[in-house]
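**Student:** Here's my sequence, what's the structure:
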Amino acid sequence: MNPNQSWLATCQLADLNPSAPARSWLTERGSLTARLRRHWPDLAVELQGEARQSPWPCELDRLGLAADSLAWVRSVTLHQSGQALVQARTVIPAWSQTNPWQEIERLGCRPLGELLFQQTDLERSDFEFARTPSGWARRCVFRRQGAPLLLTEYFLAWL
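**Tutor:** Below is the predicted model of the structure:
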């Protein structure tokens, strides 16, 4: 994961010249975890860490936060048979007991998608995309009761 990543809007994805399979994965609007499980039934989620901390500068910019802001940050790796497929990072500002995303703290090794795609009051921004040394990345902001959640997914070398 790269904290200094440059991001392009959805309309600029063609500028990154992804292959047709890469474009299909990058623009997936449903649950990425569910789609990965269709290909790799033994997919597992490994919690790398979660804590209240300073978001990366690109995350602060995307969420419109001050440089000294803190947020709840959760990092996971989705893997199958020891091969890491996707690293994901979730950033939730204004973390408190009344934040509508509070239940994320109890996910543990369950995927975020299990929570996200059960919500009926969810808004989702367009994707932004990046090319990284290890592969492709995408991010978007989900809003629930006005509260933002920034989800960044790094597709590793398999894509």
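
**Student:** Please count neighbours and contacts with C-alpha atoms only from this point.
**Tutor:** Noted.

**Student:** Tell me which helix or strand in the protein has the weakest average pLDDT.
**Tutor:** helix 112-116 (a mean of 86; mean pLDDT, DSSP states H and E).

**Student:** Can you mark which positions in that one are buried?
**Tutor:** For helix 112-116, a neighbour-count test (16 or more other Cα atoms under 10 Å) marks 112, 116 as buried.

**Student:** Stretch 79-88 too?
**Tutor:** Residues of stretch 79-88 classed as buried by neighbour count (16+ other Cα under 10 Å): 79-80, 84-88.

**Student:** How about residues contacting it?
**Tutor:** Residues outside stretch 79-88 that contact it (Cα atoms under 8 Å, 6 or more residues apart in numbering) are 1, 40, 42-46, 75-78, 151-158.

**Student:** now do stretch 53-71
**Tutor:** Residues contacting stretch 53-71 (Cα under 8 Å, 6+ apart): 3-6, 52, 72-73, 91-95, 148, 150.

**Student:** Filter the contacts of stretch 79-88 down to the buried ones.
**Tutor:** 1, 43-46, 75-78, 151-156.

**Student:** so who does G108 touch?
**Tutor:** L47.

**Student:** would it count as being in a strand?
**Tutor:** No. Assigned with DSSP: H, G, I helix; E, B strand; the rest coil, G108 falls outside any strand and is coil.

**Student:** Give me the pLDDT for it.
**Tutor:** pLDDT, G108: 86.
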